[in-house]
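Peer 1: Sequence first, then the predicted structure:
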Amino acid sequence: MKFNKLGRTDLSVSEICLGTMTWGRQNTEQDAHDQLDYALDHEINFIDTAELYAVPTSKESQGLTEEYIGTWFKKTGRRDDVIVATKVAGKGVPWIREGQKIEPSSIRAAVEGSLKGLQTDYVDLYQLHWPNRGHYHFENAYTYDPSTQDTQAELANMLEVLETLDALIRDGKIRHIGLSNETAWGTMQYLRLSEMHDLPRMASIQNEYGLLRRYFDHDLAEVSHHENVGLLAYSALAAGALSGKYLGGVIPKGTRGELASGATYRNNPHSEPAITAYIDVAKKHGLDVCQMGLKFALDRPFMTSVIIGATSMEQLKTDIAAKDISLSDEVLEDINKVYRQFPKPI
């Protein structure tokens, strides 16, 4: 397993991070514990969760994922063997603090809730799940319009957030901080405010990245390179769509698509030709398309860790094994041809 520094912190995280958001909906508590055991046995030291999880989110399942991790800590005593990342939910989720935005009171409440659920005294990486002001993630790219944002109000909120996170670090409840579903402007403003006011620095950014969605290449890759804010990539397999399991409108039993309508938005008439083309590339070179997609993400120069998620042990084993394959120049050339043909398929 390769390990990478988390931004400018002293933490080294495994290049593969165990994602957990299906725990509590598609996976049981025992499944979660089995996945954690297997992941640590295979040198993964990094797990990612959120107060929002499980996903698809619901009032009944919210918080279960952190609770499952907590019971594993209690059972195994292995808290210190793991770097734990979690997140405060952004505004708009009615059953989480009545949809309150990210601000000092919501952060403090969220941290206390996560510490209780995780059965731990501290979180290694605390992330802001999505911006208050709006963003182009979660299928918002076609309607995203930052012209309505109030610059001074946004900056004032960012400063309050950083001051609150600083206090929580000094209290020993969190160690480092990061972003999620952010933009280049938002990332740079947090870094600027940290420097101006001697406040904690954002160590990482957790955004979607994979063969089917490569927004990060165009602006945030440059920020990552110059500012040492590494990417924690989620949905490298487009929530499983890259496997081809949803092609032709098929919704296999037990998948996220069966649990929630709209959960398969990454598979649509625009993405299906690209998915089919990437599957053809994998077949041509004797590769598993999911492993090919994960390895492509793992090899990107701005990548700190790729977050994998699995609903079965077979999937987990396949995903972790992706680190051991190599992509030849010929494979990369064929991937590039598909990308040029379908630059924005989702």
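Peer 2: Happy to help now that I have it.

Peer 1: if I pick Val338, what's in contact with it?
Peer 2: 211, 274, 277-278, 281 (Cβ atoms under 8 Å, 6 or more residues apart in numbering). Backbone N, C-alpha and C define where each C-beta goes, glycine included.

Peer 1: Which of those residues fall within helices?
Peer 2: 274, 277-278, 281 (DSSP state H).

Peer 1: ranges for the helices of this structure?
Peer 2: For the chain, the helices defined by DSSP H occupy 29-41, 64-76, 104-118, 151-170, 184-197, 220-227, 256-259, 272-284, 289-298, 313-321, 329-341.

Peer 1: So which elements touch the shortest one?
Peer 2: Put plainly, it is helix 256-259. If contacts are counted by 3 or more Cβ pairs under 8 Å, 6 or more residues apart in numbering; DSSP states H and E, helix 256-259 sits against no helix or strand.

Peer 1: just the second one next, same as before
Peer 2: Taking 3+ Cβ pairs under 8 Å, 6+ apart as contact, the helices and strands that helix 64-76 lies on are helix 29-41, helix 104-118.

Peer 1: Reformat the ones you listed as TSV; add distance to Asp171 and mean pLDDT.
Peer 2: Shown next, in TSV, are these (distance: least, Cβ to Cβ, whole Å; pLDDT from 0 to 100):
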stretch	distance to Asp171	mean pLDDT
helix 29-41	27	98
helix 104-118	9	98
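
Peer 1: Same list (those helices) but as JSON lines, adding distance to Ile307 and mean neighbour count.
Peer 2: Shown next, in JSON lines, are the helices and strands packed on helix 64-76 (distance: least, Cβ to Cβ, whole Å; neighbours: other Cβ atoms under 10 Å):
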{"stretch": "helix 29-41", "distance to Ile307": "12", "mean neighbour count": "17"}
{"stretch": "helix 104-118", "distance to Ile307": "17", "mean neighbour count": "18"}
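
Peer 1: just to revisit the earlier point, what's the most buried one of the helices of the chain?
Peer 2: For the helices of the chain, the largest average neighbour count (mean count of other Cβ atoms under 10 Å) is found in helix 289-298, namely a mean of 22.

Peer 1: As CSV, could you dump the C-alpha coordinates of that helix?
Peer 2: Taking Å, rounded to 0.1, in the frame of the first residue of the first chain, the C-alpha atoms of helix 289-298 are listed here in CSV:
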residue,chain,number,x,y,z
VAL,A,289,-13.4,-1.8,-15.9
CYS,A,290,-13.8,-0.9,-12.2
GLN,A,291,-10.2,-1.7,-11.4
MET,A,292,-9.2,0.3,-14.5
GLY,A,293,-11.2,3.3,-13.3
LEU,A,294,-9.9,3.1,-9.8
LYS,A,295,-6.3,2.8,-10.9
PHE,A,296,-6.7,5.8,-13.3
ALA,A,297,-7.8,7.9,-10.3
LEU,A,298,-5.0,6.5,-8.0
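
Peer 1: angle of it against helix 313-321?
Peer 2: 40 degrees (axes from the mean of the first three to the mean of the last three Cα atoms, to 10 degrees).

Peer 1: residues in contact with the residue at the greatest distance from the centre of the chain?
Peer 2: Most distant residue from the mean C-alpha position of the chain: Lys284, 30.0 Å away (Cα atoms, centre = their mean). By Cβ under 8 Å, 6+ apart, Lys284 lies in contact with Asp334.

Peer 1: Distance of it relative to Arg340?
Peer 2: Using Cβ to Cβ, to the nearest Å, Lys284 is found at 17 Å from Arg340.

Peer 1: same question, Asp217
Peer 2: 13 Å.

Peer 1: And Pro146, by the same measure?
Peer 2: Pro146 sits 28 Å away from Arg340, going by Cβ to Cβ.

Peer 1: Repeat that for Gln30.
Peer 2: Counting by Cβ to Cβ, the separation of Gln30 from Arg340 is 45 Å.

Peer 1: Also Arg170?
Peer 2: For Arg170 relative to Arg340 (Cβ to Cβ), the value is 49 Å.

Peer 1: Could I get the CA-only coordinates of the lowest-mean-pLDDT helix or strand in the chain as CSV?
Peer 2: Sorting the helices and strands of the chain by mean pLDDT, DSSP states H and E puts helix 256-259 at the bottom, at a mean of 73. Extracted in CSV, the C-alpha atoms of helix 256-259 (Å, rounded to 0.1, in the frame of the first residue of the first chain):
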residue,chain,number,x,y,z
ARG,A,256,-28.6,2.0,-4.6
GLY,A,257,-30.8,2.4,-7.7
GLU,A,258,-33.4,0.1,-6.2
LEU,A,259,-33.3,1.9,-2.8
